[in-house]
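A.B. asks: can you look at this prediction? I've put the sequence above it.
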Amino acid sequence: MVKQHMSAGWTLTVRHLYIIILLFVYQLLWGFFLYRIIDGIVMPLLRRYPGSGMPASASRLYLYEAEFQLMKTDLIHPYLWTFACLIALRMVLTPILNAGLFHSLHHATTDTGTRFMQGVRRAWLPVTALYWTESLLALAPGYWLLPRAFDIALAASSRADIIRQLLPGACAWFAWGILLHLLFLAMQFGAASGTGIFKGLWQSAKRFLPYAAISLLMWGIGAFAGLLVTSASLLWAGFLAVLLHQAYHFVRTMIKVWTVATQFDCLHHKRT
């Protein structure tokens, strides 16, 4: 059954090649502009850092000056506003693209073909609302966990003690995020396909074990592919490594679409 879902998901993925290219360009542009912004902020600071030949007091003076400028001046405010605007833009664009993809996955199983733009027009609002709700609920535990983690880091006597105390909370937060993602993804499928968010939620609850298992499997495939590319880049230094690393961004986008298509098939195929 797992092979059948993966095979059906791959068939859907191939039918959405133009959407994969669109998502790849979106990720490429996002990464480029984010890199340029961070590079423009970090590089001027690194140029002022004392070299290896300078005394240790110069490094301490650099850190004291940086702390003063961050805490006592408004130097960081423009950068914070820039990153806030970038995050807000991504929070708007990502669910809009998802709405088109999810709607198209539903219609790709019929004779009408793919309908990406129709999905954007019809489903962008509910998918965006669900995406934002998921993000808020996923970040909510940080309101309690992050201050506690900060206190533990200050009071702990060793790094191992910090890890031992923080690991249970971090694992629970991670599991909470995975659970939310699976449930809200099913609801976004329902909203984009027109069947309704509650029907999507019911389908995810009714088929949760195979749905979660196949999701973890697909995520594992993506992580394994990333590990292979990273290892190859370390072993094959030079132009080939650069070419492989750039090509992987397209492969990663395709794996993400394949994962979503496989999850969709697991929830909606009649054989299940």
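C.D. replies: Sure, I can see it. Numbering: from 1, shown residues only.

A.B. asks: what's the average pLDDT for the host helix or strand of Cys266?
C.D. replies: For Cys266, the element it lies in under DSSP states H and E is helix 239-268. Average pLDDT, helix 239-268: 86.

A.B. asks: for that helix, name the packing helices and strands.
C.D. replies: helix 2-15, helix 17-47, helix 77-107, helix 159-193, helix 197-206, helix 208-235 (3 or more C-beta pairs under 8 Å, 6 or more residues apart in numbering; DSSP states H and E). Glycine gets a C-beta too; all of them are placed from N, C-alpha and C.

A.B. asks: how about those in CSV, adding distance to Tyr248 and mean pLDDT?
C.D. replies: Formatted as CSV, the helices and strands packed on helix 239-268 follow (distance: least, C-beta to C-beta, whole Å; pLDDT from 0 to 100):
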stretch, distance to Tyr248, mean pLDDT
helix 2-15, 17, 89
helix 17-47, 11, 82
helix 77-107, 20, 89
helix 159-193, 23, 91
helix 197-206, 30, 92
helix 208-235, 4, 88
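
A.B. asks: reformat the ones you listed as CSV; add mean neighbour count and distance to Arg252.
C.D. replies: Converted to CSV, the helices and strands packed on helix 239-268 look like this (neighbours: other C-beta atoms under 10 Å; distance: least, C-beta to C-beta, whole Å):
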stretch, mean neighbour count, distance to Arg252
helix 2-15, 17, 13
helix 17-47, 13, 8
helix 77-107, 17, 15
helix 159-193, 17, 18
helix 197-206, 16, 25
helix 208-235, 14, 7
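
A.B. asks: just so I know, which of those lies nearest Met117?
C.D. replies: Nearest to Met117, of all the helices and strands packed on helix 239-268, is helix 77-107, at 6.5 Å by C-beta to C-beta.

A.B. asks: mind listing what's buried along the very next helix or strand once past the closest one?
C.D. replies: Using DSSP H and E, the next helix or strand after helix 77-107 towards the C-terminus is helix 116-139. Across helix 116-139, burial judged by 16 or more other C-beta atoms under 10 Å covers 116, 119-120, 122-124, 126-128, 130-131, 134-135, 138.

A.B. asks: Arg207 and Leu240, how far apart?
C.D. replies: Using C-beta to C-beta, to the nearest Å, we find Arg207 at a distance of 43 Å from Leu240.

A.B. asks: Throw the helices and strands packed on helix 239-268 into CSV and include distance to Ile152, thanks.
C.D. replies: Shown next, in CSV, are the helices and strands packed on helix 239-268 (distance: least, C-beta to C-beta, whole Å):
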stretch, distance to Ile152
helix 2-15, 40
helix 17-47, 29
helix 77-107, 26
helix 159-193, 5
helix 197-206, 35
helix 208-235, 28
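
A.B. asks: for Thr259, which of the ones you listed is the nearest?
C.D. replies: Per C-beta to C-beta, nearest to Thr259 of the helices and strands packed on helix 239-268: helix 208-235, 3.9 Å.

A.B. asks: tell me what the closest one is packed against?
C.D. replies: Judged by 3+ C-beta pairs under 8 Å, 6+ apart, helix 208-235 is in contact with helix 2-15, helix 159-193, helix 239-268.

A.B. asks: hmm, 10 Å instead?
C.D. replies: If you count contacts as 3 or more C-beta pairs under 10 Å, 6 or more residues apart in numbering; DSSP states H and E, helix 208-235 packs onto helix 2-15, helix 159-193, helix 197-206, helix 239-268.

A.B. asks: how far out from the middle of the chain is the second one?
C.D. replies: If I follow you right, that is helix 159-193. 12 Å (C-alpha atoms, centre = their mean, to the nearest Å).

A.B. asks: one more: the shortest one?
C.D. replies: The gap between the average C-alpha position of helix 197-206 and the chain average comes to 23 Å, counting by C-alpha atoms, centre = their mean.
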